[in-house]
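**Student:** A predicted structure for the sequence below; I have some questions about it.
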Amino acid sequence: MRIIIDKDGKVKHIHFLSAFPDQAKSITDALLQWRFKPYLREGRPTEVETGIIFGNAAKAAEQPSPSAVNE
């Protein structure tokens, strides 16, 4: 997902790239409670866009492919 964090460190916008509706609601409810340290540009807080991955994407990337297991 992509999120925009405002100058105060609050989540301003959430854009889901992929999620089931119940997942999206739970994640949205949680993210709206999160507070980030504001991103500073030239010493001033500024709005920033970043990405977050939830789920098993990292775990899946660590698993060997089936062909690698048989070698």
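**Tutor:** Received, thanks. Numbering: from 1, shown residues only.

**Student:** how about the strands in this protein?
**Tutor:** All strands of the chain, identified by DSSP state E, fall at 2-5, 11-15, 39-41, 44-46, 48-51.

**Student:** Report the central residue of this protein.
**Tutor:** Centroid-nearest residue in the chain, with Cα atoms, centre = their mean: Ile52, separated by 1.5 Å.

**Student:** State the distance from it to Tyr39.
**Tutor:** 15 Å (Cβ to Cβ, to the nearest Å). All C-beta atoms are positioned from the backbone trio N, CA, C, and that covers glycine.

**Student:** picking up where we left off before, just checking, the residue nearest to the centre of the chain touches Met1?
**Tutor:** Yes - between Ile52 and Met1 there is a contact under Cβ atoms under 8 Å: 5.5 Å.

**Student:** If we go by neighbour counts, what in the longest helix anywhere in the chain is buried?
**Tutor:** Selection of the longest helix in the chain by residue count, based on DSSP state H, yields helix 21-31. Neighbour-count burial for helix 21-31 flags 27, 31 (criterion: 16 or more other Cβ atoms under 10 Å).

**Student:** Work out the gap between it and the centre of the chain.
**Tutor:** Here the centre of helix 21-31 is set off from its chain's centre by 12 Å, with Cα atoms, centre = their mean, to the nearest Å.

**Student:** In CSV, list the strands of the chain along with mean pLDDT, distance to Asp22 and mean neighbour count.
**Tutor:** Supplementary listing: the strands of the chain in CSV, determined by pLDDT from 0 to 100; distance: least, Cβ to Cβ, whole Å; neighbours: other Cβ atoms under 10 Å:
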stretch, mean pLDDT, distance to Asp22, mean neighbour count
strand 2-5, 96, 19, 17
strand 11-15, 96, 15, 14
strand 39-41, 94, 31, 12
strand 44-46, 97, 34, 12
strand 48-51, 95, 21, 12
